[in-house]
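# Task: produce atomic coordinates for the following.
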Amino acid sequence: MKYYHLVRRGESKTDFYFYLKDGKLHIFGSPAKGTLDPVVQQRIEEICHAIGCTYEVIDTGDFMNQIILTRMPNVNVEQVVGDDLGNSPLEDAEYLFLQQANEVADYDIYWDMDEENRFDEMELYVSRDGTIKTSSDYDDLYDAPVVIDRPNTPTLTVTNNSSYSMRRRKLTTEDGMLLGPVFDEADTHRTDDFFVRTGEQVVISGHFHSLDIREIRPKEDSKAVQKAREKGEEPKKRYIITGHLVDEHNSLAIKRFTSPSEDGPKLLKILKSVGKVQIKGEVIYDEQFVRDYVFNMDSVRPVEDTDNAKRTDTHEEARVELHLHTKMSEKNALVAVKDIVNRVKDWGHPAVAITDHGVVQAFPEAQAYSLEKGVKILYGVEAYLIEKEDQSTPHHIIMFAKNMVGLRNLYKMISISHLNYFDEYPRLPRAVIEDHREGILIGTACKSGELIQAMVHGATDEELQEIATFYDYLEIQPHDNYKSFIKEGLLKNEEDLKEINCRIVGLGDTLQMPVVATGNVHYMDPKDKMYREIMLTASGVKDAKDKADQHMRTTDEMLEEFAYLGEDNAYKVVVTNTRAIEQSIDYIVPIPNGTYSPKIEGADKALEDMCYAKAKSIYGDPLPKTVQDRLDYELKSIIGNGFGVLYYIAHKLVKKSLDDGYLVGSRGSVGSSFVATMADITEVNPLEPHYVCPQCKWSEFYLKGEYAGGFDLPRRNCPECGTPLIANGHDIPFAIFMGFHGDKVPDIDLNFSGDYQGRAHKYTEELFGRDNVFRAGTIGTIADKTAIGYAYKYADVNDLQKRRGFIEKLSTGFTKVKNTTGQHPGGIMVCPRDMDVHHFTPVQYPANKKESGIITTHFDYHSIEGRMTKLDILGHDDPTIIRMLEDMTGIPSTSIPFDDPATLSLFSSTKALGLTPAQLQGDKVATLAVPESGTGFVRAMLEDSKPQTFSDLVRISGFSHGTNVWVDNAQTLIKTGTCKLNEAISTRDDIMNFLRNHGVADNVAFSVMENVRKGKGIEKRNKEGIAQTDYEDQMRAAQVPEWFIGSCKKISYLFPRAHAVAYVMMAFRIAWYKINYPLAFYASYFSIRAKAFDLKIMMGSLEEQQQEFKRLKALAAKYEASPKEKDLMSALEVSLEMKQRGYSFANVELYKSQARRFMIKDETSLLPPFVAVTSLGEKVADAIVEEREQAEFLSIKDLRRRTKMSQTIANRMVELGCLGDLPEDEQMSLFG
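Residues are numbered from 1 along each chain as shown. So this is what the prediction gives:
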């Protein structure tokens, strides 16, 4: 018996063997019964794809798994080459399946997969003596090398004398193809038709979905890489493209390994841009990874997409749709505003209505697209009409705003319905509508309207006439919309349904009232009906399958629907009357253009005066030119554009917090404004790095980039008076905050202490009046993961066996549909005192929960931000921690120097803690529990970059908050010595400053920065992606290095430097306490930041804590740790550090512990709060503290009764020893 031996070398050696038997190629290849090495399996799949065969795994019982490769008919396997088992001449070939042509040559064949599932290249050739060798023996080459890319479906003949033949298929993409060679017309199969066709070359058609790409990187020590490096070249890139092909039946996973000659990213872009395709390739079953059938894709061509053929409206005079629901109709409709505006524009309709269920939240988006496309929007709502508050089932009613007066009334009614009458729906009493009827046009709505409901329940003509007189027009819909009446037993057949519309038309004639035909549109096209069915099914609607067709119909389709009315009547209700209604409604602007800031008398003058006064108190009078010029320029922009009041408001809010003893941190780019610094809005000083003397006001500025930040300046005494100088300035351009021309609306975000946030919100009410302050509303929509869950639920309900790709495709049909409302965590919208909020938006409770006591804007705050003033009064942990540390130590945080060497050392070593990396689970830095620097990701970044200055820390903050800024970008540039840490791009400001220092024009530097920070590359591009600027050429002309240009192109998002500086200032102060006041530091961390705590474990010994930490870490490594376990692991890591430093946790004490915060017990231990006991909540913890102040607890029973503590919690406290000798009950106390 001849065997063929394949060996994978390296740390993990894997062998498998071929042999020939019964005309089949057999492979033994797994070290354990019933398992298959994943790497071996991957290699077998590659072999199968290359030689055109299938494989089957057979458990042989007592040796290894047997894998049978069944060859295709066009392949002749005569004998396998090699010596007896274990002595193959291919022992050095690592992992290969041999392919060789008739003439002796060198071949670039399969990729070798390493331990990290990356691929490497392997070259084999036949030497003069006929033996097979690797590329390391090039001296024995018989002929010039001929590189053959990975072939598809070769014919292979194996003989005794090492003679092989192979037919290679062409891989080049031919004319008319998106990928690969042209293939013959063949039967096209369905995506669910392959379980009997594995191994065959077949053709399937469908649409690509979820295409993705991953680069296959060879190891640096691989021969391919070394060979490329020797030539001074970069190794050729190879990629794997994965995704799904979806048709109407199911889906099939697809993949494609690109050849070195193919541009993987470009190919992905092409494949993503096409509609329906035919693809040819081979189906295999992937048992290890996908656990399903996978299509190895060889060729792709576009085909006509009849499934998504464009619908058109060709009628000479088009209708107007007066009843349409967008995605803002909560979990009920699928129409995207952008899509309907584009459709109406394409179809030539003069206008379209938006009438969502009970809300008007689509108005802002409709306004934007209406303006862009020139399409008139009729702004309305399908409201819920009631006669009395206790009416159980409301009737539907359509209301349009005819003019701006009507719009205000509409907004007021939306507010009233949500604030005063919400009960499952935002209901409206008829009396409220009558009080706000001016400027409102009212229609009878759908089958749930009172007119049709009265009709099907037997109302007389006189009664119907009386009902109709309340309305301005009557509405009819395709009779299929009424079919539920048959199911309910109210009507008998289709003719009865049509009779509804006939009677309404007759009623309109009698009352001389217009009758309009509407579609009650809930989705765009007939094919979208299934998506709504899925969404409704997931929402618990039982008859979702039976819903009527409610797509957007063309004029001809609607005329056909109502043909039974007669040609004239059909045209009248479909076209004439709908256009007449449209004409009766004005062009309306739902949200006023312009900025409407609250007015504070004298705000501009007060701002200007305080800024100059503060500046002169620091820099002297007269001010240095740099300071004077910056202050003059900023104040001119701020006050000249009407933004002075925003700064003044922010100043008042921060001053109030500081006066109350709470530091405030700034967010975003507000620290880019020197006016904000002088107005005490932010601590960040954006001027160039400088010295200033606090005594005589001597100053010196570094204007040429000599230092990255003022905190990096060496300590110096004043040359004039000898006083120690203050160093400051972070070199941040004002343009970062308010644009190149200083006219961008400033977004002032402030981080207040979480403990103080509520008081800050109340203070805004004092400043502007309670009726003028509202929380910023948000709209929650169905997220991708939720949508996938809906699709799976639908599949379960309907007993469908569908693959994930098909499910994901289904889920895309109803993402971004509204499912709730909420509030911004700290956003406050301020309405000017002389205006009503309904000039901008209706209002409501978040998630319609009246008990919250909070009123939010009805519109998502993004849509009205810039019109109304938005204040970001956010809650943050850092100011709370700072306040706690100051209270515990008596050391004001503002006295901490930002160049303290010991504190700086924490970010590059562990020496300041007196610990070794071995004592800190291998960490080489000591920033655990320090904000912005304590995560594993940032600690690894610190180890790589070894920061030495404050500005280095700012850069690292930028790296960690950016996207595609560090990994495969700055990290690589620094490691390879291409640039230094202080040169790499970390924040958006770095780009502008770097380019300006190289002589690039300011406006170009600003534009490049703006493009790069948004992930748009260097150039401004049009919709087709064509560059409209030559910024890159200008950068090269200014000798900007290539590494900098390349780095810009990789970035997707950049953090503002001002934000990074503010964060690092807070973090540095907290880190200072970690060295100098460790117990206070740990008490603040566990009180405020730690999300989990296990009292029993953390009171344990160092060894017990280490053992538990290792257990949790092992779970996390296997992705098996719960969120709670992950939180506990993070807290336990800090507890271990604390233990190594000689500190520990005492036990909870009934009469000493606080409710929620850790306190210092003695010189070496912390006293945990009551909430440290597992499952003991804040309410019970507060009750314990309150009750013990009133009287001592007589017993555990007394404790439970007075604090509402559960028996389980009481038992846990007893087990932990928290209750000392407190008896079980009073009798035991008396007689024990």
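
# Buried residues in the helix ranked longest in the chain, which are they?
Looking across the chain with DSSP state H, the single longest helix is helix 1057-1076. Within helix 1057-1076, the residues scored as buried using 16 or more other C-beta atoms under 10 Å are 1057-1076. Placement of C-beta: from N, CA and C, glycine included.

# Which elements pack onto it?
Helix 1057-1076 sits against strand 665-667, helix 735-738, helix 877-889, helix 901-905, helix 950-961, helix 988-997, helix 1078-1084, with contacts defined as 3 or more C-beta pairs under 8 Å, 6 or more residues apart in numbering; DSSP states H and E.

# Go ahead and confirm Trp1058 touches Ile732.
Small correction: residue 1058 is Ala, not Trp. Yes. Contact criterion C-beta atoms under 8 Å: Ala1058 and Ile732 qualify, at 5.3 Å.

# Spell out which residues are contacts of both of these two.
Listed contacts common to Ala1058 and Ile732 are Gly671, Ser672, Val684, Pro686, Asp989; contacts here mean C-beta atoms under 8 Å, 6 or more residues apart in numbering.

# Any idea how many residues pack against the second one?
Neighbour count for Ser672, taken as other C-beta atoms under 10 Å: 29.

# isn't it right next to Phe737, touching?
Yes. Taking C-beta under 8 Å as the definition, Ser672 is a contact partner of Phe737 at 3.9 Å.

# got any residues that touch both of the two?
Here Ser672 and Phe737 have Ala1058 as joint contacts, going by C-beta under 8 Å, 6+ apart.

# Report the separation between Ile591 and Pro364.
For Ile591, the distance to Pro364 (C-beta to C-beta, to the nearest Å) stands at 6 Å.

# okay, and the common contacts of the two?
By C-beta under 8 Å, 6+ apart, the residues touching both Ile591 and Pro364 are Phe859, Ser863, Ile864.

# Write the PyMOL selection for whichever of the residues you listed are buried.
Filtering the shared contacts of Ile591 and Pro364 down to the buried ones (16+ other C-beta under 10 Å) takes a single PyMOL command:
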select buried, resi 859+863+864
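
# neighbours of the residue lying closest to Ile204 once chain neighbours are set aside, just the number please.
In space, and not counting its chain neighbours, Ile204 is closest to His189: 5.1 Å by C-beta to C-beta, 6 or more residues apart in numbering. Neighbourhood size, His189 [other C-beta under 10 Å]: 17.

# ditto for Ala1083
Neighbour count for Ala1083, taken as other C-beta under 10 Å: 24.

# check contacts around the residue nearest to it when sequence neighbours are not counted.
Nearest residue to Ala1083, sequence neighbours excluded (C-beta to C-beta, 6+ apart): Phe1158, at 4.2 Å. By C-beta under 8 Å, 6+ apart, the contact list for Phe1158 reads Tyr1082, Ala1083, Ser1084, Phe1086, Ser1087, Leu1166, Leu1167, Pro1168, Pro1169, Ala1172.

# So the second one versus Leu920, what's the distance?
Here Ala1083 is placed at a distance of 20 Å from Leu920 (C-beta to C-beta).

# ok, the residue nearest to Ile204 touching Val202?
Yes. Using C-beta under 8 Å, His189 is in contact with Val202, at 5.6 Å.

# What's the mean pLDDT across the helix or strand harbouring Val1008?
Following DSSP states H and E, one finds Val1008 within helix 1002-1013. Helix 1002-1013 shows a mean pLDDT of 93 in the predicted model.

# shift numbering so it begins at 13
Taking 13 as the first residue, the last one we looked at is helix 1014-1025.

# what helices or strands is that helix leaning on?
So helix 1014-1025, by 3+ C-beta pairs under 8 Å, 6+ apart, packs with helix 1000-1009, helix 1043-1049.

# which sections of the stretch 213-362 of the chain are below the confidence cut-off?
In the prediction, the stretch 213-362 of the chain carries residues with pLDDT under 70 at positions 231-233, 236, 299-301.

# Wasn't Gly293 part of a strand?
Yes. Counting by DSSP: H, G, I helix; E, B strand; the rest coil, one finds Gly293 located in a strand.

# Give me the distance between it and Leu257.
Distance from Gly293 to Leu257, counting by C-beta to C-beta: 10 Å.

# Next, show the common contact partners of those two.
Counting by C-beta under 8 Å, 6+ apart, the shared contacts of Gly293 and Leu257 are Ile266, Phe307.

# OK, contacts around Gln373?
Contact partners of Gln373, counting by C-beta under 8 Å, 6+ apart, are Met340, Ile791, Lys830, His870, Phe871, Asp872.

# can you tell me how far it sits from Thr868?
12 Å.

# Same question for Ser1134.
Distance from Ser1134 to Thr868, by C-beta to C-beta: 33 Å.

# do the same with Ser1218
Separation of Ser1218 from Thr868 (C-beta to C-beta): 35 Å.

# Among those two, which residue is more densely surrounded?
Using other C-beta under 10 Å, the more surrounded residue of Ser1218 and Thr868 is Thr868, with 26 against 14.

# The more buried one bridge partners, please.
Counting by DSSP bridges, Thr868 forms beta bridges with Arg787, Gln856.

# where's it relative to Asp884, distance?
For Thr868, the distance to Asp884 equals 15 Å [C-beta to C-beta].

# Which of the contacts of Phe1170 fall within strands?
Per DSSP state E, strands hold the following members of these: Leu1178, Leu1179.

# Can you check my assumption that Leu453 lies in a strand?
Yes. Leu453 forms part of a strand when assessed by three-state DSSP.

# Pretty sure it sits against Ile597.
Yes. Leu453 lies in contact with Ile597 (C-beta under 8 Å); the separation is 6.8 Å.

# list residues touching both of the two?
Contact with both Leu453 and Ile597 is made by residues Phe412, Ala413, Lys414, according to C-beta under 8 Å, 6+ apart.
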